[in-house]
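**Q** Output the structure for:
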Amino acid sequence: MKPHLLLGLLGAFSLSVQAASLDVPINLVSADGAPKLIGSVTVSETEYGLLFTPKLNGLPAGIHGFHVHENGSCEAGTKDGVKVAALA
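**A** Numbers count the residues shown, from 1 in each chain. Sure, this is the predicted structure:
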């Protein structure tokens, strides 16, 4: 096989196996439903599964968690007569 053809095939193969990534905006939500942008999370594919890399601002020091909504909505709602943030 000619060297330039081999390099071309290797280049094409490396593009096809490049991992996809997605930047997701992250909002702090409240019971009144007013979102405040606090940063983003980059979701990348790895050989082990998805990698979540946060870039967030304005949070107090300490441990924080997150969850993923199946329907993609963080709208406020009412539960037991009380307004609740991100009930959806």
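**Q** I'd guessed Leu56 sits against Gly39; true?
**A** Yes. Contact criterion Cβ atoms under 8 Å: Leu56 and Gly39 qualify, at 3.8 Å. C-betas here are computed from N, CA, C, even on glycine.
**Q** residues shared between the contacts of these two?
**A** Ile26 (Cβ atoms under 8 Å, 6 or more residues apart in numbering).
**Q** Ala20 is in contact with Glu45, isn't it?
**A** Yes. Assessed by Cβ under 8 Å, Ala20 is found in contact with Glu45 at 5.4 Å.
**Q** Would you mind telling me which of these two has more residues around it?
**A** A direct count of neighbours by other Cβ atoms under 10 Å for Ala20 and Glu45 places Glu45 higher, at 13 against 7.
**Q** C-terminal to the helix or strand where Thr78 lies, what's the next element?
**A** For Thr78, the element it lies in under DSSP states H and E is strand 77-79. Reading on from strand 77-79 to the C-terminus, the next helix or strand found by DSSP H and E is strand 82-84.
**Q** who does that following strand touch, helix- and strand-wise?
**A** Strand 82-84 sits against strand 77-79, with contacts defined as 3 or more Cβ pairs under 8 Å, 6 or more residues apart in numbering; DSSP states H and E.
**Q** per-residue confidence averaged over the strand it packs on?
**A** Strand 77-79 shows a mean pLDDT of 81.
**Q** what packs against the strand holding Thr78?
**A** Using 3+ Cβ pairs under 8 Å, 6+ apart, strand 77-79 sits against strand 82-84.
**Q** Given the strand it packs on, what are its sheet partners and their directions?
**A** Sheet pairing here is set by DSSP bridges, and for strand 82-84 it gives strand 77-79 (antiparallel).
**Q** got the buried residues for the partner strand?
**A** For strand 77-79, a neighbour-count test (16 or more other Cβ atoms under 10 Å) marks nothing as buried.
**Q** residue ranges of the strands in this protein, please?
**A** Ranges of strands in the chain, per DSSP state E, are 21-28, 36-46, 49-56, 77-79, 82-84.
**Q** I'd like those strands as a markdown table, with distance to Phe66 appended.
**A** Shown next, in a markdown table, are these (distance: least, Cβ to Cβ, whole Å):
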| stretch | distance to Phe66 |
| --- | --- |
| strand 21-28 | 8 |
| strand 36-46 | 8 |
| strand 49-56 | 8 |
| strand 77-79 | 19 |
| strand 82-84 | 17 |
